[in-house]
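Asker: Any chance you can model this:
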Amino acid sequence: MMSLAKKKTATKVTLSLLEALKKFDQSYLDNEFLGYKTPAYIVDNMKHRFRAYQNDAMRYYHYVRQAKAFKYRQNNHVLFNMATGSGKTDLMAGLVLYLYHELGYQQFVFTVNTTSVLKKTIDNLTNPSSSKYLYQVPLEIDGQRVRIEPVKQFPATPRKNVIYIKLDTIQGIASDLFTQKENTMGLSEYKKHKTAILADEAHHYSASTKAEKEDEKSWERTIDLILKSHEDNCLLEFTATIDLDNKQVFDKYQDKVLYQYALDRYIRDGYSKNIRRIQSSNTDRDNMMNAILLSEFRRRYALEMYGIPFKPVILFKSPRVADSLAAEEKFHELIENLSADQVRSFIQINNNETTEEFSETLSRTYSYYLKNEEELGEIVREMKRQFSRQRVINANTTNLLENDQYQALNTLESPSNLYRVVFAVAKLTEGWDVLNLYDIVRISDTPSAKGTKTSTNSEAQLIGRGARYYPFVLEGKKSYTRRFEEASRDNLILETLHYHTINEPQYLKNLVASLDAMDLPTGEDKKNPPIAIKVKPSFKKTKLYQEGAIYYNQVVEVSDDYYDNLSKYGIDNTSDITIEWKLATRELNYAAKSLNKDYEEVRLLAIEVDDRLIYKALNKNSFFHFDRLKQYLPLLKTREEFLGEKWLNLSARTLRATAPKTIRKEDLTPEDRLGILSTYLLEVEKKIRSGYRKAIGTNKFEGFAIKEYVADYNKRVPNYDTGKMKLMASAPQQVRRQTYANEDFFVYDSAIINQTEAQLVDRIKERVQELLAVYDQVYLIRMDENMHRESAKNEKLKLYQFDAHPREVHYEAFQPDFILLLANEDSYLQIFIEPKGINLLEKDQWKEDLLLFINEQEGELVFEDQINGLRIKGVRFYTMNDGRHSLKQLGEIALGKTFEGLTYQEELNFDQ
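Answerer: Residues are numbered from 1 along each chain as shown. So this is what the prediction gives:
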């Protein structure tokens, strides 16, 4: 067991501008912009919807520029301190529109330290043909089209409705400024019109500050000269890293930090993957093998469990270029010689299931292959294809930015990008945009490599970058936050980044210290035995346990007669079809370098489809064999009918595919057309599968005996060993075990719940005596999904929508986390309560709507049981510090009045 590095106690620093903004934001008297929202001209022109914290940052900048309270403050130089992956460039793009429209800026300079980040941002801000472009096309403000034009020099007379952006490295801008050359931007050029400077990775610009010396040609000096060249010039700096413990840096920025969104908050708000370390004493070859098996297990799990195409990427990180190149050859040799017998033997040798320290994820991975041993030959053949040379990229090439590998590295999530493996040293630590990175494997130079503080800091930064959440499509929807609960679900494999590293004590100590310094919550991927959660014996003796019930509404299955055409499965079978062509059929003969370059610009190609091609595509996918299809389309009489007007109806529609602009319709081979049609049929298959098993909720509530359904269960506590000091102190969603052995009102002896849930339990505890004055029995039940996880009972303890016209239709059910039971001789009141993190409020609003709809329909509810005074109720989501007044509502439902003990904070009308 490794020891944790002690975390240095940080001195609390006061950032004067940020503190003033927070205070102003809460002011009801002095804030003339109270309730300010990101303007519609920004919202409507952004490709991505701003998250709550990005809206906060935009609002704070508006205060600084336009509120009277900040009129006499220095406001031309501010810094946004936001976590890697939190969308700094999106915010930057929105601020460009704000400065242009609100304040009349047409000249912008974007600068950064590295060429890789620069090239990425050129696509983000100025290339409408790029998939990474951040604006809508066309860009319109107040009915006028606005052009964004990249320039090397600003024009003497700016044209109307044009935003000019000069994008260059800080080195390039400094060279132009201090070297007299033709066609460059000297200082005099910046004096003509006001300019906004956008400086990314700002921690690189403080060379003179840290060194306490003036270097006229330093990067910091360059920016300062441009900033002061015109009285209205402004500087907006962006960084994920700012060393405020450094006195010189603190003195410079204490009145300039406008907004902070730290990495630990980003992670606890659910915008990242979970992070786990797989620590072993294996050779590099064995670590490679583990990463291959795990990565392929991820892909197959997503496909087999959810029917979604999933391409997890592996990064092999080496200390030196020579090591990286050698590791790549070792990898190719491993893949090319791989056999089913080798995989079987490797698993048998390495499967240490009985060892508690052994990786739980690897154990699950090995089990998958052993369970599918009969198909291992086919699995290995697919594995060799997935990890072939054509799907491996080395980022250490000296001319990386000049060739098409750069584009490939920054489009790894694209379905048309086939790369599964990246080899690198240090080029990807900053500015690398990849969301589907799931495994980072440290290639060690020696078995005893201890890792310097500098190297482990770099590794921690890379882990932080790789932890960004991958918004894969599930049940037809994308989510930009984690879907699965950390404490229980097997499908965490789709939401977890694994860092494969050596098991060397000093190295691990250094790595843990680096992760802890970043407040990056990670844990070792090892066995985590479940904890037994038991119903109290005292509760089992009560009349409520012996005779009582908990109530959920019934569902009715949709009749087979309903499924008489494809639209009943949520499939539009009348409109034309557009899909993204994945180039799947050309992966071996289409040059990879030109593939990625071509996809910078695309066109739509109409695909000729005839019955012969359709049957070939149907035959290729066993789901569309008639006996299988009939299981989901019960009214279908023949497969020929499936081609008709009520079903596929392809003869009346046009199938189009996005393709590289260099490819013409005439270039498409029969294999290409087959691949495109097969891609569409995969989408049809997925929707038929998900659409067929629909159940409709009803207003009829059924009772389930408490003694049969409220049962003991087992559950794990998430194991973090880095970054948890801050998280444990304040995170609303941090999960831990809470003991309630001495609390008579709580049914279980303990619960594994987050801080929001624990606070709810405490608040109800404070009101128990008020409730007991009216009711003989007051009990709170934690309805944990693990209670009947492997049983059919689990599906019964759920609520279904029964509103005929909900704001948003959801066929899936949900199980509120708590039930409060209040009973006496003439009353039996069941209240559903659902605590919720504020980051999930919008996504889960339909659940709150359902709870409140139950109240609205009280007179219409039907009960199977004849019980005196039986009522079912729901309350609004409980958020941290009860910002939605759910306790007030609870008192009104249970007592007909507000609880007497509500605190002042609970009376406030805002979420914390």
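
Asker: Nearest to the middle of the protein, which residue? Look it up for me.
Answerer: The chain has Tyr469 as the residue nearest its centroid, 3.2 Å off, counting by CA atoms, centre = their mean.

Asker: Confirm for me that it is in contact with Tyr480.
Answerer: Yes. Here Tyr469 reaches Tyr480: they are 6.4 Å apart, a contact under CB atoms under 8 Å. (Glycine included, C-beta is placed from N, CA and C.)

Asker: and for those two, which residues touch both?
Answerer: Tyr271 (CB atoms under 8 Å, 6 or more residues apart in numbering).

Asker: what are the phi and psi values for the closest residue to Ile275 other than its chain neighbours?
Answerer: Nearest residue to Ile275, sequence neighbours excluded (CB to CB, 6 or more residues apart in numbering): Thr522, at 4.2 Å. When quoted as degrees, to the nearest 10, the phi and psi of Thr522 stand at phi -130, psi 170.

Asker: Please give the number of neighbouring residues around Thr522.
Answerer: Thr522 has 27 neighbours, counted by other CB atoms under 10 Å.

Asker: Assign Asn699 to helix, strand or coil.
Answerer: Put simply, Asn699 is strand when judged by DSSP: H, G, I helix; E, B strand; the rest coil.

Asker: gap between the residue nearest to the centre of the chain and Leu437?
Answerer: Here the criterion is CB to CB, to the nearest Å. By it, Tyr469 lies 11 Å from Leu437.

Asker: Likewise for Asp744?
Answerer: From Asp744 to Leu437 the distance is 49 Å (CB to CB).

Asker: Neighbour count: these two, which is higher?
Answerer: Using other CB under 10 Å as the criterion, Asp744 and Leu437 rank with Leu437 on top: 24 against 14.

Asker: Now do the closest residue to that one other than its chain neighbours, the pLDDT please.
Answerer: Residue nearest to Leu437 in three dimensions, not counting chain neighbours: Gly466, with 4.3 Å by CB to CB, 6+ apart. For Gly466, the model assigns a pLDDT of 82.

Asker: One more: the one 3 residues further on?
Answerer: What the model reports for Tyr469 is a pLDDT of 90.

Asker: what comes into contact with the helix or strand Ile550 falls within?
Answerer: Here Ile550 sits within strand 549-557, counting by DSSP states H and E. Applying CB under 8 Å, 6+ apart, the contact partners of strand 549-557 are 694-706, 709-710, 781, 796-800, 802, 813, 819, 821, 830, 863, 865, 870, 872.

Asker: Could you pick out the buried ones from these?
Answerer: Using 16 or more other CB atoms under 10 Å as the burial test, those include 694, 697, 701-703, 706, 709-710, 781, 796-800, 802, 813, 819, 821, 830, 863, 870, 872 as buried.

Asker: Report the distance from stretch 701-710 to the chain centre.
Answerer: 36 Å (CA atoms, centre = their mean, to the nearest Å).

Asker: Quote the end-to-end distance of it.
Answerer: 18 Å (CA to CA, to the nearest Å).

Asker: what about Leu613, which SS state?
Answerer: Of the three states, Leu613 takes helix according to three-state DSSP.

Asker: isn't it right next to Ser678, touching?
Answerer: No. Leu613 is beyond contact range of Ser678, at 9.9 Å (criterion: CB under 8 Å).

Asker: Ala196: what's it in contact with?
Answerer: By CB under 8 Å, 6+ apart, the neighbours of Ala196 are 96, 99, 105, 107-109, 233-236.
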